[in-house]
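Q: Next input, structure requested:
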Amino acid sequence: MSDVLIPRPASTIMPLRDGRDGVEVLLVRRNLNSDFVGGAYVFPGGAVDAGDSALAGRVVGLDDQTASQRLGLTTGGLAYYVAALRELFEEAGLLLVTGLSDATPPSDPAGLARWREDLNARRCTFSDLLESTGLGLDLRGVAYLSHWVTPVGPPRRFDTRFFVVEAPSDQVAGHDEGETVAHRWMRPRDALAAAATGAITMILPTIRNLESIAGFARVEEVLAWAGSPREITRVEPRMAVRDGATVILLPGDEGYDPVD
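A: Numbering: from 1, shown residues only. Here you go, the predicted model:
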């Protein structure tokens, strides 16, 4: 099938925090005018950029060989982790960094906001930001969660790796007023209930990833489970027509046939 779009590598990250009544996850709402899941509540994320693979020297806690092994790749795995942290800062304003040499991680909200504004306005790159401050991306607390591929059919397809991380307690999350137009901290069960009633819109990968962590009481439990040796399989839904309606099939469902 030569006309089938090849999925673009992408990363999505689920920022977590311990709330009064349990684990909470940050969801951002996609701009209604977006040509990909406009209006849906998702986790911060996006496509892996060429520049992400060039930041190996400014990463703490992980190298490409280990990252690639975790993701089941021969090489290039570290770029997915870098992309996840870049998108987290661009879309949600949370910057996971640590000092290199004598550099000190930022604590000034106004300074963080200016860096983010410059980055989103393309006045600088993520590499520029890190090099000018002497900071390194902190991947020590990032755990690989799942692997989803957009089904054949939509105008855009992504081969997406999902990650989880504890949000920095000294920073305040916020949407970017561009790609994302709202944000909410929610318990996974509350988010799932809101989606079930139609109060918010969520796509299947978001729902399934929320379901996977809904039973945990604390962030440390989620990270311990996600970071434990687990088999993570590639999930690629299929779209089919049943009785005149489009349905989504998952591996194991009746009628699910892989695309050649």
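Q: from here on, contacts and neighbour counts on C-alpha atoms
A: Will do.
Q: so D170 sits in a helix?
A: No: looking at D170 with DSSP: H, G, I helix; E, B strand; the rest coil, it is coil, so not inside a helix.
Q: low-scoring stretches of the stretch 1-150 of the chain, by residue?
A: For the stretch 1-150 of the chain, the stretches flagged by pLDDT under 70 are 1-4, 34-36, 101-107.
Q: Would you map the strands across it?
A: Remark: strands assigned in the stretch 1-150 of the chain by DSSP state E, counting those that start in this stretch are 8-19, 22-30, 41-42, 45-47, 59-60, 97-99, 135-138, 143-149.
Q: buried stuff in stretch 168-175?
A: Using 16 or more other Cα atoms under 10 Å as the burial criterion, the residues of stretch 168-175 that qualify are 171, 173-175.
Q: first vs last residue of it, how far apart are they?
A: One end of stretch 168-175 sits 16 Å from the other (Cα to Cα, to the nearest Å).
Q: now that stretch, how far from the centre of its chain.
A: Put simply, stretch 168-175 sits 16 Å off its chain's centre (Cα atoms, centre = their mean, to the nearest Å).
Q: Find the nearest non-adjacent residue to D63, please.
A: Spatially, and ignoring its direct neighbours in sequence, D63 is nearest to L78 (6.5 Å; Cα to Cα, 6 or more residues apart in numbering).
Q: one step back: among the strands of the stretch 1-150 of the chain, which comes closest to T125?
A: Among the strands of the stretch 1-150 of the chain, strand 135-138 comes nearest to T125, with 13.9 Å by Cα to Cα.
Q: partners of the closest one in the sheet?
A: strand 59-60 (parallel), strand 97-99 (antiparallel) (DSSP bridges).
Q: Quick one: residues in contact with that strand.
A: With contact meaning Cα atoms under 8 Å, 6 or more residues apart in numbering, strand 135-138 is reached by 58-61, 82, 85, 96-100, 103-105, 130.
Q: Tabulate the CA atom coordinates of that strand in CSV.
A: The C-alpha coordinates for strand 135-138 follow below in CSV (Å, rounded to 0.1, in the frame of the first residue of the first chain):
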residue,chain,number,x,y,z
LEU,A,135,21.8,23.5,31.8
GLY,A,136,21.1,19.9,30.9
LEU,A,137,17.9,18.0,30.4
ASP,A,138,17.1,15.8,33.4
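Q: So which residues of the stretch 101-250 of the chain form helices?
A: 109-120, 126-133, 188-197, 204-213, 219-226 (DSSP state H, counting those that start in this stretch).
Q: Arrange those helices in a markdown table, one row each, with mean neighbour count and distance to N33 as further columns.
A: As requested, the helices of the stretch 101-250 of the chain are arranged in a markdown table below (neighbours: other Cα atoms under 10 Å; distance: least, Cα to Cα, whole Å):
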| stretch | mean neighbour count | distance to N33 |
| --- | --- | --- |
| helix 109-120 | 16 | 18 |
| helix 126-133 | 15 | 26 |
| helix 188-197 | 17 | 20 |
| helix 204-213 | 17 | 20 |
| helix 219-226 | 18 | 33 |
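Q: Please name whichever of those helices is nearest to S146.
A: Closest to S146 of the helices of the stretch 101-250 of the chain, according to Cα to Cα: helix 204-213, at 7.6 Å.
Q: Against which helices or strands is that closest one packed?
A: The contact analysis (3 or more Cα pairs under 8 Å, 6 or more residues apart in numbering; DSSP states H and E) places helix 204-213 against helix 188-197.
Q: at 10 Å what do you get?
A: Under the contact definition 3 or more Cα pairs under 10 Å, 6 or more residues apart in numbering; DSSP states H and E, helix 204-213 sits against strand 8-19, strand 22-30, strand 41-42, strand 143-149, strand 158-166, helix 188-197, helix 219-226.
Q: how about the longest one: buried residues?
A: It refers to strand 8-19. Here strand 8-19 shows 9-18 as buried, counting by 16+ other Cα under 10 Å.
Q: Need the residues you listed in a markdown table (columns: distance to W225).
A: Converted to a markdown table, these look like this (distance: Cα to Cα, whole Å):
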| residue | distance to W225 |
| --- | --- |
| P9 | 25 |
| A10 | 23 |
| S11 | 20 |
| T12 | 18 |
| I13 | 16 |
| M14 | 14 |
| P15 | 15 |
| L16 | 14 |
| R17 | 16 |
| D18 | 16 |
